[in-house]
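S.K.: Need a 3D model of the following:
(2 chains)
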Amino acid sequence: AQSVTQLDSHVSVSEGTPVLLRCNYSSSYSPSLFWYVQHPNKGLQLLLKYTSAATLVKGINGFEAEFKKSETSFHLTKPSAHMSDAAEYFCVVSRTNAGKSTFGDGTTLTVKP
Amino acid sequence: GAVVSQHPSRVICKSGTSVKIECRSLDFQATTMFWYRQFPKKSLMLMATSNEGSKATYEQGVEKDKFLINHASLTLSTLTVTSAHPEDSSFYICSARDWGQDDYNSPLHFGNGTRLTVT
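M.R.: Numbering: from 1, shown residues only, chains lettered A, B, ... in the order given. Predicted coordinates:
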């Protein structure tokens, strides 16, 4: 069984300040973990993925995430928020299980000017 | 990169009619595609797994006769909402994995979604 918990439903930051979106996972096996971003009325776009290689993963648009097995966490960070980062973010865990993925409930990121 | 095209992006239909939504993988083959429903301010709810050349696998609570899924080729899956009712109004999204990388390490590629409004 696998599950994902995004610890914050809403995060608000000022433009130019760091972003931290938190994700904890549970998995019976070594998971693959993903972060996706969704802009209004759009599909999901892959930001980055962890697949048992380097624990610090760099993604697009300046985002990165660190896999911490001891804490079962995969938090998403960005050093400096941009207005265009305002969107919904989903943490996703996958395991070979008919190809299914488990989605977190999402975190809404608001960026204030 | 891998692209999934979903059409239409928006559709309005009258109650009792049927609506078909298409999901195409443009530059890769997908033996498996996934259909989701997303309510406002909510996460994605997996409705069914579409398997090329065989029957779709529906999640618990999803009516297979209501949401007909056809996956006739390696690049096309369709979702038909039959006898639509206002409560079927929602945002529907499809996704697929690249057939050449069809394991849990490969990311999902998402369509841009379809906003269905049933009047």
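
S.K.: Pass me the low-pLDDT residue ranges in chain A, would you?
M.R.: A:95-99 (pLDDT under 70).

S.K.: Go ahead and flag the most central residue of the chain.
M.R.: No chain in the question, so chain A it is. Nearest to the mean C-alpha position of chain A, by Cα atoms, centre = their mean, lies A:W35 at 3.5 Å.

S.K.: The chain in question should be chain B.
M.R.: Nearest to the mean C-alpha position of chain B, by Cα atoms, centre = their mean, lies B:W35 at 3.3 Å.

S.K.: Would you quantify the distance from the residue of chain B found nearest chain A to A:S28?
M.R.: Proximity of chain B to chain A (Cβ to the nearest Cβ) peaks at B:F110, 3.6 Å away. C-beta: built from backbone N, CA, C; applies to glycine. According to Cβ to Cβ, to the nearest Å, B:F110 and A:S28 sit 26 Å apart.

S.K.: quick one, which of these two is more surrounded?
M.R.: The neighbour comparison of B:F110 against A:S28 (other Cβ atoms under 10 Å in any protein chain shown) goes to B:F110, with 23 against 8.

S.K.: Tell me what residue 109 is bridged to.
M.R.: Going with chain A. Beta-bridge partners of A:L109, counted by DSSP bridges, are A:V11, A:A87.

S.K.: To clarify, I was referring to chain B.
M.R.: Here B:H109 sits in beta bridges with B:A96, going by DSSP bridges.

S.K.: cool, A:H75 as well?
M.R.: Using DSSP bridges, the bridge partners assigned to A:H75 are A:E66.

S.K.: what's near enough to touch B:L46?
M.R.: Residues in contact with B:L46 (Cβ atoms under 8 Å, 6 or more residues apart in numbering or on different chains) are A:100, B:34-36, B:59.

S.K.: Are we agreed that it is in a strand?
M.R.: Yes. Assigned with DSSP: H, G, I helix; E, B strand; the rest coil, B:L46 falls within a strand.

S.K.: what does the model give it for pLDDT?
M.R.: As predicted, B:L46 sits at a pLDDT of 91.

S.K.: Same check on B:D102?
M.R.: 53.

S.K.: quick one: contacts for B:G111?
M.R.: A:43, B:4-6, B:23, B:93-95.

S.K.: got it, and A:V57?
M.R.: With contact taken as Cβ under 8 Å, 6+ apart, A:V57 is in contact with A:48-50, A:64-67.

S.K.: Next, whichever residue of chain A sits closest to chain B: phi, psi?
M.R.: Nearest residue of chain A to chain B (Cβ to the nearest Cβ) works out as A:G43 at 3.6 Å. A:G43 adopts backbone torsions of phi -80, psi -170, taken as degrees, to the nearest 10.
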